[in-house]
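>>> Please work out how this folds:
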Amino acid sequence: MQDFGLPSSQVYTPEIRFVDIDAAGIVNNATYFNYFEQSRISFFEPLLGKKWDWNAAGMVVARHEIDYRVPILFNDDVRIVTWIEHVGTKSMTAAYEVFKKKQGSWVLAAQAKTVLVSYNHSEGKPAPWAADVIEAAEGFGYGRPDF
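Just a heads-up that it's a prediction; the model follows:
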């Protein structure tokens with residue numbers, strides 16, 4: 001992404017839809033979590049070099065946290081930068097910064113984290129991350145990128 005100098009898989013551009021807007025005229029706070037889900041998919045698939053097989057290597061969200069800084073409006077130009085902060089045996093923390101373009105500059109609109117747990121849907125319980133997930137994450141690197 002030219003705006004941030006990062007790989008395109010790390011910068012997601014959500015479509016701000018009319019349905020995302022609440023009565024106050026801003027993106028509803030719960031909608032951000034849909035944007036983060038799409039951002040993670042955009043991030044992980046190129047990282048692994050294949051489409052994610054959600055049945056064989058499932059994950060569930062264990063925790064979300066978000067700090068809202070500046071409201072996003074219907075016609076705003078928005079980018080979400082995604083990275084991995086930490087990978088454990090069965091959990092992983094993804095982090096995000098949401099930016100919107102305001103008067104020609106990118107402004108921080110929100111910061112968030114999601115704790116994901118590797119989950120075996122067949123057995124109905126957490127499972128260790130597959131080796132290819134850990135190898136891809138370690139190869140990409142952890143922590144907030146410099147941009």
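>>> What helices and strands are in contact with the helix or strand hosting F44?
Taking DSSP states H and E as the criterion, F44 maps to helix 31-48. Applying 3 or more CB pairs under 8 Å, 6 or more residues apart in numbering; DSSP states H and E, one finds that helix 31-48 makes contact with strand 11-12, strand 58-68, strand 78-87, strand 91-102, strand 105-120, helix 131-140. For every residue, glycine as well, the C-beta is placed using N, CA and C.
>>> Tell me, how many residues neighbour V11?
The local packing of V11 (other CB atoms under 10 Å) involves 22 other residues.
>>> Can you tell me how far it is from V78?
Note on V11: its distance to V78, by CB to CB, to the nearest Å, is 11 Å.
>>> And K113, by the same measure?
The gap separating K113 from V78 is 18 Å, by CB to CB.
>>> In terms of neighbours, single out the busier of the two.
Counted by other CB under 10 Å, K113 and V78 do not tie: V78 has more neighbours, with 20 against 16.
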